[in-house]
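Novice: how does the following fold in three dimensions:
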Amino acid sequence: MTRRQVLGLDPGFAAFGWSLLELGADAGGDRVVGMGVVRTKPTPKKRAVRQSDDRIERAREIAGELLQLVTDDEHDVVAICAESLQMMPRTGTKAKVMVGIAWGVVAAIAVAHLDLPILQCTPQEAKKAVTGSAAASKEDVQRALDRRYGEIVLDDYRLLAGLAGGVREHPYDALAAIVGCLECEPIRMARRLA
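Specialist: Numbers count the residues shown, from 1 in each chain. Alright, predicted model coming up:
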């Protein structure tokens, strides 16, 4: 029997983080069952591929990985959680386009899979839910998540084993988004039914 799970996402284009949290009867019984990053790279310029075609191909790569997570027989995903889509005032147009495409993929996956709810929290709400402080650093958030769910990167539980240090922040951000959304009604209802 599969247990109800929540898919946390950190939408990006080059590095798209994800985490899966299995819901227990209460928050103390929750368990991290998967973490990872979907990596995409642009086609080398010498191959003369249109930038728009390259972006579509990369979006398909992300969609394929996410679709596998929500349709896998081992997972009963009941909601998607992510940090809210921000306007990103300090980023350029290209970065905004890439994040917009990634969010389009998320919306399409949610609709395609039984119209999954997409729950959002601000980065500050996620930090506060995880650490108690809206001003916590990324390192503080990661340490607090390790304490909350047991050491996530243990020798016998190597969810993040193949990921370089700088990329590991994305699945942690995805997990923090789940924690920031745990009190949302769709998750509370799924927990009651678990």
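Novice: what segments of this structure are strands?
Specialist: 4-10, 15-22, 31-39, 76-83, 118-121, 153-154, 157-158 (DSSP state E).
Novice: report all helices and strands that the first one contacts.
Specialist: Okay, so that is strand 4-10. strand 15-22, helix 51-71, strand 76-83, helix 169-181, helix 185-193 (3 or more Cβ pairs under 8 Å, 6 or more residues apart in numbering; DSSP states H and E). To be clear about C-beta, it is placed using only N, CA and C from the backbone, and glycine gets the same treatment.
Novice: go through the ones you listed and pick out the most buried.
Specialist: helix 169-181 (a mean of 27; mean count of other Cβ atoms under 10 Å).
Novice: the inter-axis angle of that helix versus strand 4-10?
Specialist: 130 degrees (axes from the mean of the first three to the mean of the last three Cα atoms, to 10 degrees).
Novice: helices or strands next to helix 169-181 in the packing?
Specialist: By 3+ Cβ pairs under 8 Å, 6+ apart, helix 169-181 packs against strand 4-10, strand 15-22, strand 31-39, strand 76-83, strand 118-121, helix 123-131, helix 138-148.
Novice: could the ones you listed be laid out in JSON lines, adding distance to residue 178 and mean pLDDT?
Specialist: Shown next, in JSON lines, are those (distance: least, Cβ to Cβ, whole Å; pLDDT from 0 to 100):
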{"stretch": "strand 4-10", "distance to residue 178": "4", "mean pLDDT": "95"}
{"stretch": "strand 15-22", "distance to residue 178": "5", "mean pLDDT": "94"}
{"stretch": "strand 31-39", "distance to residue 178": "9", "mean pLDDT": "91"}
{"stretch": "strand 76-83", "distance to residue 178": "5", "mean pLDDT": "93"}
{"stretch": "strand 118-121", "distance to residue 178": "9", "mean pLDDT": "96"}
{"stretch": "helix 123-131", "distance to residue 178": "9", "mean pLDDT": "96"}
{"stretch": "helix 138-148", "distance to residue 178": "10", "mean pLDDT": "93"}
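Novice: I figured residue 57 was touching residue 43, is that so?
Specialist: Yes. Judged on Cβ atoms under 8 Å, residue 57 makes contact with residue 43 at a distance of 7.5 Å.
Novice: please name the residues that touch the spatially closest residue to residue 31 that is not a sequence neighbour.
Specialist: Once flanking residues are discounted, residue 31 sits nearest to residue 22: 4.7 Å by Cβ to Cβ, 6 or more residues apart in numbering. By Cβ atoms under 8 Å, 6 or more residues apart in numbering, the contact list for residue 22 reads 3, 4, 5, 30, 31, 32, 33.
Novice: what separates residue 22 from residue 4, distance-wise?
Specialist: Going from residue 22 to residue 4 by Cβ to Cβ, to the nearest Å gives 7 Å.
Novice: overlap of the contact sets of the two?
Specialist: Common neighbours of residue 22 and residue 4 (Cβ under 8 Å, 6+ apart) do not exist.
Novice: contacts only, for residue 6.
Specialist: 20, 21, 23, 77, 78, 79, 80, 81, 178, 181, 187, 190.
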